[in-house]
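> sequence first, then the predicted structure, then my questions.
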Amino acid sequence: MFGLRRNQSRACRVLHEVPGRIRIQCPGMKHLSEEAAAIRERLNALPGVRSVRVSALTENVLVQHDPGRTTGREVLEAVQAACGEHALTIFKAERALAAEATVQERRLQEESVQDILTRVLATAATLGFSALSKPRASSNLLSRFTSISALTSLSLAWPILRSGLHSLKKTGRPNADTLSSAAILSSLVAGQDRSALTIIGLADLAELLTAYTMDRTRRAIRDMLAVGEDFVWRLDEGGREVRVPIGDVQLDDRIAVKTGEKISVDGLVEEGEAAVDQASITGEFMPMRKQPGDRVFAGTVVKAGNLTVRAEKIGDQTAVARIVHLVEEAAHRKATIQAFADRFSAQFIPANFGLAGLVYGITRNPDRALNMLIIDYSCGVRLSTATALSAAIATAARNGILIKGSNYLEMLAEADTIVLDKTGTVTEGRPQVTSVVPVAPGVGEREIIELAAAAEETSTHPVAIAFVDKARRSGWAIPAHGPTRVRVGRGVQTTVAGQTVLVGSETYMREHRVELTPAAEPARHLARRGEQLIYVARGRALLGLVGIQDTLREDMKKSLNRLRGLGMDDIVLLTGDVEQHAERVARRMAMDRYQAEVLPEDKSDVVLRLQQKGPRVIMVGDGINDAPALAYADVGIAMGGTRTDIAIEAADITITSDDPLMIPGVIRLSRQTMDIVKQNFATAIGVNTAALVLASLGRLPVVWGAAVHNATTVLVVLNSLRLLFHDLERSR
């Protein structure tokens with residue numbers, strides 16, 4: 001799957017069409033057998049549709065319709081939209097299939113760094129003992145396997161032997177460990193204990209470095225997303241606080257959290273009020289005010305105040321624990337180049353056995369034949385790619401970037417088109433009052449803002465919040481007011497000091513017969529600047545005009561400039577906002593083009609159309625309205641305050657901060673990673689090929705063959721470890 005483009009795996013196409021009958025193929029349909037009835041029902045709702053047949057087995061949809069009422073193109077678009085609703089289901093199913101198609105290799109992270117280090121030291125000690133001991137010549141095969149060195153070799157090689165045998169039993173194919181097992185056993189049969197120990201020791205050293213990299217990845221993620229304290233204060237039935245280990249917390253327990261402490265559960269605030277830093281979960285840089293009825297998350301920090309939280313999710317159920325689990329699984333979502341390395345290794349392993357037989361048949365020299373088993377490409381090629389990709393994921397995690405799989409690093413390195421959602425990505429997503437223009441005599445900016453804040457105080461609309469924030473930041477009092485009446489999409493009305501106050505759009509003012517002529521010129525001026533216009537009136541007298549604007553995210557222009565430097569050919573702005581605002585943002589950010597007034601469900605179609613032109617597409621969005629688009633893009637990136645459940649599911653990469661410079665930073669990291677992988681390929685294949693030639697000619701002894709082969713593996717792994725020290729901040 002990772003070799004296919006996402007649009008190739010999901011795009012629908014017409015197989016056959018005659019007037020009134022159309023057959024459409026959708027490859028993703030094979031994963032939607034349970035959703036087939038819902039898709040059929042949706043298509044039957046189209047005007048003029050007579051019958052619909054949906055087959056998950058053949059991946060086809062057959063529709064008979066009245067061509068006078070519904071065209072074939074409309075049917076195709078409806079089928080595409082119906083499949084688009086289940087984009088995440090298709091995507092996850094394809095990922096699962098891809099994971100099953102890989103070679104059965106030993107998972108190094110199943111062994112701890114300490115366990116492998118113990119084996120390396122034991123091997124070194126045994127090898128030293130063997131070197132100091134007087135060699136014993138023996139023609140007895142049994143005695144060759146019962147010496148101290150041989151028994152130690154078999155003991156230390158047990159994980160390799162078990163993995164090699166398991167691969168043969170489960171898949172019928174040898175893996176790298178099968179080849180290593182054959183080389184170790186052949187060395188023991190030939191009475192060359194030191195060769196066997198050398199093979200084991202150097203192989204374990206390479207695996208030690210790889211396991212260390214993976215351990216660094218896990219620790220980087222867990223340090224960044226530490227769930228909470230080791231102990232918490234739990235309230236008993238009498239309301240007394242009891243200090244208990246976090247592991248003892250149960251669902252529905254009441255937890256007291258004080259200033260400076262981390263919240264350790266997902267839950268609902270029952271008592272208290274506090275400012276909570278949610279940056280680790282939502283990416284919001286400003287602490288959020290929490291009070292009874294609000295939801296809080298594990299891993300967030302109480303900056304000021306005290307809360308009593310009713311636990312709704314604990315342990316592995318919390319949002320932060322799910323993030324950790326998803327990213328830890330990233331190592332098993334293989335990049336195309338990693339899958340190629342695995343296939344290359346698997347296909348060349350039988351060739352090693354054949355080459356050993358051929359060399360022995362020609363030379364009758366068991367040492368030369370043994371070298372054909374010892375020197376192979378699989379270890380160096382397989383470990384070098386896995387280690388490089390894992391190191392890159394660890395470095396990204398250390399910098400607050402969660403990458404769900406190494407395949408996304410490879411796609412990121414190849415991408416040349418980037419699509420950015422406007423609100424919350426290019427802009428802050430928090431509208432602010434940017435202009436206040438009084439038009440009535442004796443009325444100033446303060447009075448206009450105070451009256452507008454009074455009318456909007458009880459609303460949670462972003463524009464209302466902008467008025468209230470402006471008044472509070474300026475230190476102005478919000479006057480007492482009567483009940484509010486809201487006209488959705490128009491405006492709001494209240495009373496202050498017995499007089500009617502109106503706050504809203506031009507249409508809302510005209511409905512209340514407010515004279516707008518005094519504001520005509522400033523309105524045109526603010527509109528040209530791309531500001532949203534809000535009018536404030538008292539009775540039928542217009543007091544003034546307020547300009548609201550969603551401010552551009554700091555450093556976004558610098559980020560886009562760096563993306564240009566990285567070779568991004570096409571930078572596209574995508575928004576549901578009106579065209580005037582979209583054009584202004586695209587012009588200020590020097591983007592190639594924009595698409596405005598796009599509904600959330602249509603954003604995935606825009607991504608698909610871009611993919612069909614050939615390029616790899618990155619989608620950067622907020623992970624809520626943009627979930628289908630994030631799933632359809634080759635790489636979906638969720639930024640900043642987007643860390644909701646849907647973002648975790650839909651996005652391939654999550655940037656936990658609000659820093660847009662992290663976008664070019666992670667792209668540069670991905671490209672350096674792929675450069676190192678290619679260096680490793682060249683080194684592993686070049687050195688081992690030379691070693692095979694020398695060994696077949698009898699110019700390379702068995703011990704040196706093992707040393708050269710395994711030293712090459714260690715070298716490429718060390719080259720990969722350079723990524724652990726990649727400075728993402730400086731590379732941005």
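Received it, and whenever you're ready, just let me know what you need.
> so where's the stretch 151-300 of the chain uncertain?
Screening the stretch 151-300 of the chain residue by residue with the criterion pLDDT under 70, one finds the ranges 171-176, 179, 206, 210, 213-214, 216-229, 278-287.
> now the helices for it?
Along the stretch 151-300 of the chain, the segments classed as helices by DSSP state H, counting those that start in this stretch run 158-171, 176-189, 193-224.
> for the second one, packing partners?
What it means is helix 176-189. If you count contacts as 3 or more Cβ pairs under 8 Å, 6 or more residues apart in numbering; DSSP states H and E, helix 176-189 packs onto helix 141-146, helix 148-156, helix 158-171, helix 193-224, helix 336-363, helix 366-374, helix 378-398. All C-beta spots, glycine's among them, are computed from the backbone N, C-alpha and C.
> what's the strand or helix carrying residue 537 packed up against?
Following DSSP states H and E, the helix or strand that holds residue 537 is strand 532-538. Helices and strands in packing contact with strand 532-538 are listed as helix 445-456, strand 499-504, helix 506-511, helix 520-528, strand 541-552; criterion 3+ Cβ pairs under 8 Å, 6+ apart.
> can I get those in TSV with mean pLDDT?
As requested, the helices and strands packed on strand 532-538 are exported to TSV (pLDDT from 0 to 100):
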stretch	mean pLDDT
helix 445-456	93
strand 499-504	93
helix 506-511	89
helix 520-528	88
strand 541-552	88
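> can you redo those as CSV with mean neighbour count and distance to residue 148?
CSV is the format used below for the helices and strands packed on strand 532-538 (neighbours: other Cβ atoms under 10 Å; distance: least, Cβ to Cβ, whole Å):
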stretch, mean neighbour count, distance to residue 148
helix 445-456, 24, 84
strand 499-504, 22, 89
helix 506-511, 16, 92
helix 520-528, 14, 88
strand 541-552, 21, 71
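> highest average neighbour count across the helices and strands packed on helix 176-189?
helix 378-398 (a mean of 27; mean count of other Cβ atoms under 10 Å).
> dump the helices of the stretch 151-300 of the chain into TSV; add distance to residue 146 as well.
Rendered in TSV, the data for the helices of the stretch 151-300 of the chain read as follows (distance: least, Cβ to Cβ, whole Å):
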stretch	distance to residue 146
helix 158-171	17
helix 176-189	10
helix 193-224	11
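> how about those helices, which one is nearest residue 685?
Between residue 685 and the helices of the stretch 151-300 of the chain, the tightest spacing by Cβ to Cβ is seen for helix 176-189, at 14.7 Å.
> what are the buried residues along the closest one?
176-188 (16 or more other Cβ atoms under 10 Å).
> same check, this time on stretch 69-83
Neighbour count says stretch 69-83 has 70, 72, 75-76, 78-83 buried, by 16+ other Cβ under 10 Å.
> dihedrals phi and psi, the residue most central in space within the chain?
With distances taken as Cα atoms, centre = their mean, residue 653 lies nearest the centre of the chain, 2.3 Å away. Residue 653 adopts backbone torsions of phi -130, psi 130, taken as degrees, to the nearest 10.
> how about the contacts made by residue 197?
Residues in contact with residue 197 (Cβ atoms under 8 Å, 6 or more residues apart in numbering) are 123, 126-127, 130, 149, 152-153, 156.
> again, 7 Å this time
Applying Cβ atoms under 7 Å, 6 or more residues apart in numbering, we find residue 197 in contact with 123, 126-127, 130, 149, 153.
> go on, residue 93?
Contacts of residue 93 by Cβ under 7 Å, 6+ apart are residue 31.
> could you chop this protein up by domain?
As given by automatic domain parsing, the domain ranges for the chain are 6-100, 108-219+328-390+674-725, 231-317, 429-551.
> next, format the contacts of residue 197 as a markdown table and append distance to residue 359.
Listed next are the contacts of residue 197 as a markdown table, based on distance: Cβ to Cβ, whole Å:
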| residue | distance to residue 359 |
| --- | --- |
| 123 | 27 |
| 126 | 29 |
| 127 | 26 |
| 130 | 26 |
| 149 | 26 |
| 153 | 24 |
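> pick out whichever of the residues you listed sits closest to residue 512.
Minimum separation from residue 512 among those (Cβ to Cβ) is found for residue 123, which lies at 86.6 Å.
> which SSE is the closest one in?
Element membership for residue 123, per DSSP H and E: helix 113-132.
> in that helix, what's buried?
Buried positions in helix 113-132, judged by neighbour count with 16+ other Cβ under 10 Å: 113, 116, 119-120, 122-123, 126-127, 130.
> mind showing which ranges of the stretch 1-150 of the chain have poor pLDDT?
By pLDDT under 70, the low-scoring segments of the stretch 1-150 of the chain are 1-11, 88, 91-92, 95-111, 133-141, 143-144.
> residue boundaries of the helices in it?
6-10, 36-44, 72-84, 87-100, 113-132, 141-146, 148-156.
> turn those helices into CSV, including distance to residue 23.
Conversion of the helices of the stretch 1-150 of the chain to CSV gives the following (distance: least, Cβ to Cβ, whole Å):
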stretch, distance to residue 23
helix 6-10, 18
helix 36-44, 13
helix 72-84, 10
helix 87-100, 20
helix 113-132, 56
helix 141-146, 66
helix 148-156, 61
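> so which of the ones you listed gets nearest residue 388?
With respect to residue 388, and counting by Cβ to Cβ, the nearest of the helices of the stretch 1-150 of the chain is helix 113-132 at 18.2 Å.
> coming back round to it: nearest approach to residue 432 belongs to which of the helices and strands packed on strand 532-538?
Counting by Cβ to Cβ, residue 432 lies closest to strand 541-552 out of the helices and strands packed on strand 532-538; the figure is 5.8 Å.
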